[in-house]
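Asks: below is the structure, and that's it, no one-letter string:
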């Protein structure tokens, strides 16, 4: 499941701290802008995973243009992927039924059924 949220990067004299205005309490910091960008991605993924595991809906991401910053501070979109986080739990086997034509079409395209179902379920849960 892919995520993308706007973040505000605050430039301090010897560090950079990042906040996600849509995600209360989701912040991080680093020594440089590139390190802060990587740290922001990790913070976004960990925060979102924690929220979803508790059964809470993630808020809709605001437009990046809805935030104003001053000085050397700037806004940026930060994206993350929850697939690696949320698949660490034990695997549960499920039996399901789909139309034959859909099965054949997916097999011919080498689509991973388990990953596709996981992605679809995560997307559904996040949008509720």
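Replies: Structure received. Note that the coordinates shown come from a computational prediction; the quantities given were computed from them, not determined experimentally.

Asks: what count of nearby residues applies to residue 115?
Replies: Residue 115: 11 surrounding residues under other Cβ atoms under 10 Å. Using the backbone N, CA and C atoms, a C-beta is placed for each residue, glycine as well.

Asks: residues contacting it?
Replies: For residue 115, the contacting residues are residue 83, by Cβ atoms under 8 Å, 6 or more residues apart in numbering.

Asks: which parts of the one helix or strand it maps to are buried?
Replies: Per DSSP states H and E: residue 115 is located in helix 113-127. Within helix 113-127, the residues that count as buried by 16 or more other Cβ atoms under 10 Å are 118, 122.

Asks: over to stretch 14-32?
Replies: 16-23, 26-30.

Asks: and those, which two are the farthest apart?
Replies: Farthest pair in the buried residues of stretch 14-32 (Cβ to Cβ) is 22 and 30. Separation: 20.5 Å.

Asks: name the helices or strands packed onto the lengthiest helix in the chain?
Replies: Identified as the longest helix of the chain according to DSSP state H is helix 33-53. With contacts taken as 3 or more Cβ pairs under 8 Å, 6 or more residues apart in numbering; DSSP states H and E, helix 33-53 sits against strand 2-11, strand 16-19, strand 27-30, strand 74-81, helix 83-86, helix 113-127.

Asks: what angle sits between the fourth one and strand 2-11?
Replies: To tie it back to what came earlier, the one meant is strand 74-81. With axes from the mean of the first three to the mean of the last three Cα atoms, to 10 degrees as the basis, strand 74-81 and strand 2-11 are set at 150 degrees to each other.

Asks: ditto for the longest one
Replies: Using the same axes, to 10 degrees, one finds that helix 113-127 and strand 2-11 are set 60 degrees apart in direction.

Asks: how far does helix 113-127 sit from the chain's center?
Replies: Centroid displacement of helix 113-127 relative to its chain, using Cα atoms, centre = their mean, to the nearest Å, is 13 Å.

Asks: likewise the third one?
Replies: Distance of strand 27-30 from the chain centroid (Cα atoms, centre = their mean) equals 17 Å.
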